[in-house]
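Participant: Please find the sequence and the predicted model below.
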Amino acid sequence: MTRYLVRRLLQIVPKLVGIGVVSFSLIHLAPGDPIVALAGEYGDAAYYAFMRAKFGLDRPLGEQLLIYLGNVLRGDWGISYTHGRPVAQVILSRLPATLLLMATALALSSTLGVALGMWAARRPHSGSDLAIRVLCLVGYALPVFWSAQMLILLLALQVPLFPVQGMTTARYRYQGLEYVWDVARHMVLPVAAMTLHQLALITRLTRTNLLETLAADFVRTAYAKGLSEWRVLHGHALRNALLPVITVIGGRVGFMFTGAVLTETVFAWPGIGRLLVSATLNRDFPLLMGLFTLVSAAVLVSNLVTDLVYAWLDPRIRYG
Amino acid sequence: MCTSPRTAAGRAPGGLAIPASSRPRVGAWGRRYLRNRAAVLGLALTGTMVGVALLAEPIAPYPPFRSVGLPLQAPSALHPMGTDDLGRDVLTGVVYGARTSLLVGVAVAALAGAMGAGMGIVSAYRGGWVDDVLVHVVEFFQVIPRFFLAVLAIALFGVGLDKVILVLILTSWTTISRIVRAEVLSLREREFVLAARAIGVRDRTIMRRHILPNVLPSLVVTASLLVGEAIWVEAGLSFLGLGDPNSMSWGYLLDSARPFMRVAWWTAFFPGLAITLTVLGVNLVGDGLNDAWNPRL
C-alpha cells in the first residue's frame, strides 16, 4: 500500500505543473500585455514594475514560465486588486462557506442516493422503482440554478418556510447554538438544490450496479447457503456495487464546485462562487487565476483520495 | 451518423473476403429503440426542440430582444409565456434560446466526438509511445475543471459563443477518447482485424473501415450525453452574465429574471423548463441508443 501511495503521490506533480502551464499560456495568449492579466488594469506604474520584476516579465519566455510556476505552486498568486489583499488570503476567507455547502450536499446525496438506489434495485420494474427512475432522469436534467430559483419561489416566497438568501440573518447577531440554527435554516434551500442533481446521478448508478451485481454467481451462492436478503445485500452485493459509485462521486468534485458557484449566485451565499463572479465582472485576473488553480488542485487531490479509498476497499487494485 | 447498411467487411485487392464483424443491422436496433417508450419520448422532445431551433423565425411571434408590450405581463393569449422586465416576449426568447443552446450542444458533441474518436482509435491501435503520450494527455485534461476554465478564458479573451464551444471541446473530447480507446483495445485483437492485417490492408484503412464502424455505437451514445452537458454549461455561463450578448439564450433569460422573481414567476419558469426538457430529451435519446445497442439489462 505504501508503494502504491508513493507512486500515486508522484503522479500528481506533473499534473500540478501542467495546470500552471495552462494558466501561464492563457495569460500569454490573451490579447494585450500579460502584466494586465497579472496585475489588473488599474494598477499604478510602481505596482506594475513590482509585478514585472516578481514574474520576470522582462526575461525570456522559458525563464518566465519557471518563475510563474514557482509562484503559483507556492500559493503566491499575487494581490487581488479589488480586495487589496493577497489572493490566497481572500480565497481562504471565503472557502469554508462553500465547503460547508458542498460537504453537506455530498453527504446527503451519497447516503440518500445509495439508499434510494438499493430500494429501486431490490424490486426492479416495480412501481417504486419506476418512480425513482423518473425522479433520477428529471433530477439529472434540472439545471441547479433553475431548481434553486424554483425552490425560492415555492418555499421562501409562496410558503415562507426558509429565508430567501444569505447565510445568516443580518438583523440579529446570533451567538452559540442560535447561530448554528440560523445558518442551518439558511442552508436548507441551497443544499437541497445542490443535492438534487447529484442525488439523481448516485441513485441511478447504485441501482444499475446493484442490479448487475445481484445477477452475479457469488450472490446466488450467498442465497444458496441460506443467508437472509439483508445479509446478502449488505455483506456481499453492496460492497461490490458501490466501487464504481465511489469513483464517480470522487470524480465530480470539479462539477460540485461549479454547482456551488451557480447556487451561491442565486442565494447570495458568501462563498467562492460569488467571489468568482465578482472577480470576472471586475476583471480581477489574479483572483480568477487563483480560483482556477485552487479548484484544479482540489480535483487532483480528490482524484487521489478516491483512488486510495478504492485501493483500500478493493485489494485487487493495488497489487494489479 | 452512418445508417447505410455498409458492413465492416471489406474486400482485399486479391479478392479475399474479410469476415464481417458482428455489428447488428440498423433495422434490428431501430426496432428495439422504438419499443422503448422513454427513448421515444426523448426523441420527441429532442425533435421538437430541434424543430423550434431551426424554425425560430416563423415560430417566434416577435423579433428577439425587441420590446413588444408592457413589462412583466403575466401569461396571456397575446404573450403565452408573459413578458419580461423590458416588455420582451418570453416565448420569443425561449424559441430563439433553443437555437443557441442546441448550436452549442451539437457543435461540442460533434467536434469533441470526432476529436475523441480519432485520438482514441489512433492511441489504442498504434499502442507504444503514441498511446502512452495520449493517455497522459487525456488524464491531464480530465483534471481541468471545465466551467472554471471557461470563466477564465472568457474573462481573458472576452465573451463569445465560439470561445464557449472551444473550451467545452477541449475539456470534453477526453471522455470520448477514453471510452473509444478501451473498445479499440479489444477490437484490434479480433479476428476480422487480424485477418485484414494479415492480407496487408493498410493501418489507416483498417482504422477507418473496420474499427470506426464498430466503435460508432458507444461513440454516439457518449456524444449524445455531451450534448446535454454542453447545453447545461452554456446556460450556466450565460446565467452568470458571461454568455454571448448577441445571441438570445436560456441562461441569459434566467439571469435577467432573477430580480423580478417575486413579482413575475413566468420570467424564470419557462426558460428553465426549456433547459430541463431539452437536457432530459437528449439524455433519454442517449439512454435509448445505449439500450438498443447493448440489450442486456
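Facilitator: Good, I have the coordinates. Numbering: from 1, shown residues only, chains lettered A, B, ... in the order given.
Participant: Model confidence for residue A:307, exactly?
Facilitator: At residue A:307, the predicted lDDT confidence score is 84.
Participant: how near is it to residue A:208?
Facilitator: Computed with CB to CB, to the nearest Å, the distance linking residue A:307 and residue A:208 is 22 Å. No exception for glycine: its C-beta is placed from N, CA and C like everyone else's.
Participant: where does the stretch 51-200 of chain B come near chain A, residue by residue?
Facilitator: Contact residues (CB under 8 Å from any CB of the partner chain) of the stretch 51-200 of chain B with chain A: B:139-140, B:143-149, B:151-157.
Participant: Would you mind checking which of those residues is nearest to residue B:235?
Facilitator: residue B:147 (11.4 Å; CB to CB).
Participant: Give me the nearest residue to that closest one, chain neighbours excluded.
Facilitator: Among residues not flanking residue B:147 along the chain, residue A:258 sits closest, at 4.0 Å (CB to CB, 6 or more residues apart in numbering or on different chains).
Participant: from what I can see residue B:68 touches residue B:86, true?
Facilitator: No - using CB atoms under 8 Å, residue B:68 is not in contact with residue B:86, being 9.8 Å away.
Participant: If you count neighbours, what's buried in the longest helix anywhere in chain A?
Facilitator: In chain A, assigned by DSSP state H, the helix with the most residues is helix A:176-214. Buried residues in helix A:176-214, counted by 16 or more other CB atoms under 10 Å in any protein chain shown: A:182-183, A:186-214.
Participant: so what's residue B:26 scoring on pLDDT?
Facilitator: For residue B:26, the predicted pLDDT is 68.
Participant: Does the longest helix of chain A reach chain B?
Facilitator: Yes - judged by CB under 8 Å from any CB, helix A:176-214 comes into contact with chain B at A:208, A:211, A:212.
Participant: Which residue is the nearest non-sequential neighbour of whichever residue of the stretch 1-150 of chain A sits closest to chain B?
Facilitator: Using CB to the nearest CB, the single residue of the stretch 1-150 of chain A nearest to chain B is residue A:146, 3.2 Å away. Spatial nearest neighbour of residue A:146, excluding adjacent residues (CB to CB, 6+ apart): residue B:272 at 3.2 Å.
Participant: where's the one you found relative to residue A:246, distance?
Facilitator: Residue B:272 is 31 Å from residue A:246, where distance means CB to CB.
Participant: More neighbours: those two, which one.
Facilitator: residue B:272 (25 against 17; other CB atoms under 10 Å in any protein chain shown).
Participant: Check which helix or strand the more buried one maps to.
Facilitator: helix B:266-293 (DSSP states H and E).
Participant: and that helix, how far out from the chain's middle?
Facilitator: Once both centres are worked out by CA atoms, centre = their mean, to the nearest Å, helix B:266-293 turns out to sit 12 Å from its chain's centre.
Participant: Ok, stretch B:202-212 next?
Facilitator: Here stretch B:202-212 is found 25 Å from its chain centre; the criterion is CA atoms, centre = their mean.
Participant: First-to-last residue distance for it?
Facilitator: One end of stretch B:202-212 to the other measures 14 Å (CA to CA, to the nearest Å).
Participant: and what of stretch A:170-181?
Facilitator: End-to-end distance for stretch A:170-181: 14 Å, by CA to CA.
Participant: Kindly report the same for stretch A:81-95.
Facilitator: 19 Å.
Participant: got the buried residues for that stretch?
Facilitator: Under 16+ other CB under 10 Å, the buried positions of stretch A:81-95 are A:81, A:82, A:83, A:86, A:87, A:88, A:90, A:91, A:94, A:95.
Participant: And the contacts of it?
Facilitator: With contacts defined as CB atoms under 8 Å, 6 or more residues apart in numbering or on different chains, stretch A:81-95 is touched by A:39-40, A:42-43, A:75-80, A:270-272, A:274-275, A:278-279, A:282, A:284, A:286-287, A:289-291, A:294.
Participant: Quick one: name the residues of the stretch 151-300 of chain A near chain B.
Facilitator: Checking the stretch 151-300 of chain A against chain B by CB under 8 Å from any CB, the hits are A:152-153, A:157, A:208, A:211-212, A:254-255, A:257-258, A:261-262, A:265-266, A:276-277, A:279-281, A:283, A:285, A:288-289, A:291-292, A:295-296, A:299-300.
Participant: Please list only the buried members of those residues.
Facilitator: By neighbour count, with 16+ other CB under 10 Å, these hold A:152-153, A:208, A:211-212, A:254-255, A:257-258, A:261-262, A:265-266, A:276-277, A:279-280, A:283, A:285, A:288-289, A:291-292, A:295-296, A:299-300 as buried.
Participant: Strands - which of those land there?
Facilitator: Members of these lying in strands (criterion: DSSP state E): none.
Participant: Out of those residues, which sit inside helices?
Facilitator: Going by DSSP H, the helices hold A:152, A:208, A:211-212, A:254-255, A:257-258, A:261-262, A:265-266, A:276-277, A:279-280, A:285, A:288-289, A:291-292, A:295-296, A:299-300 from those.
Participant: Nearest residue to residue A:206 in space, please, no chain neighbours.
Facilitator: residue A:117 (2.6 Å).
Participant: Near that neighbour, how many other residues are there?
Facilitator: 27.
Participant: Repeat that for the one 10 residues further on.
Facilitator: If you count neighbours by other CB under 10 Å, residue A:127 ends up with 8.
Participant: Starting from residue A:32, give me the distance back to it.
Facilitator: Taking CB to CB, one finds residue A:127 at 61 Å from residue A:32.
Participant: Also residue A:219?
Facilitator: In this view, residue A:219 and residue A:32 are 62 Å apart by CB to CB.
Participant: neighbour-wise, which of these two wins?
Facilitator: When residue A:219 and residue A:32 are compared for neighbours, residue A:219 comes out ahead with 17 against 10, by other CB under 10 Å.
Participant: And the host helix or strand of the more buried one, what's buried?
Facilitator: If you go by DSSP H and E, residue A:219 is part of helix A:217-224. By 16+ other CB under 10 Å, the buried positions in helix A:217-224 come out as A:219, A:222.
Participant: quick one: it to helix A:176-214, angle?
Facilitator: 100 degrees (axes from the mean of the first three to the mean of the last three CA atoms, to 10 degrees).
Participant: Surely the residue of the stretch 1-150 of chain A closest to chain B and residue B:274 touch.
Facilitator: No - the criterion here is CB under 8 Å, and residue A:146 misses it with residue B:274 at 9.7 Å.
Participant: and the one residue in the stretch 201-320 of chain A that gets nearest to chain B, what does it touch?
Facilitator: Taking CB to the nearest CB, chain B has its nearest neighbour within the stretch 201-320 of chain A at residue A:254, 3.6 Å off. Residues counted as contacts of residue A:254 (CB under 8 Å, 6+ apart) are A:295, A:296, A:298, A:299, B:143, B:144, B:145, B:146, B:147, B:148.
Participant: Model confidence score at it, please.
Facilitator: At residue A:254, pLDDT is 86.
Participant: do the one 10 residues further on as well
Facilitator: Per-residue confidence (pLDDT) for residue A:264: 93.
Participant: How about the one 10 residues further on?
Facilitator: The predicted structure scores residue A:274 at 84 on the pLDDT scale.
Participant: Residue A:265 is in contact with that one, correct?
Facilitator: Yes - counting by CB under 8 Å, residue A:265 is a contact partner of residue A:274 at 6.4 Å.
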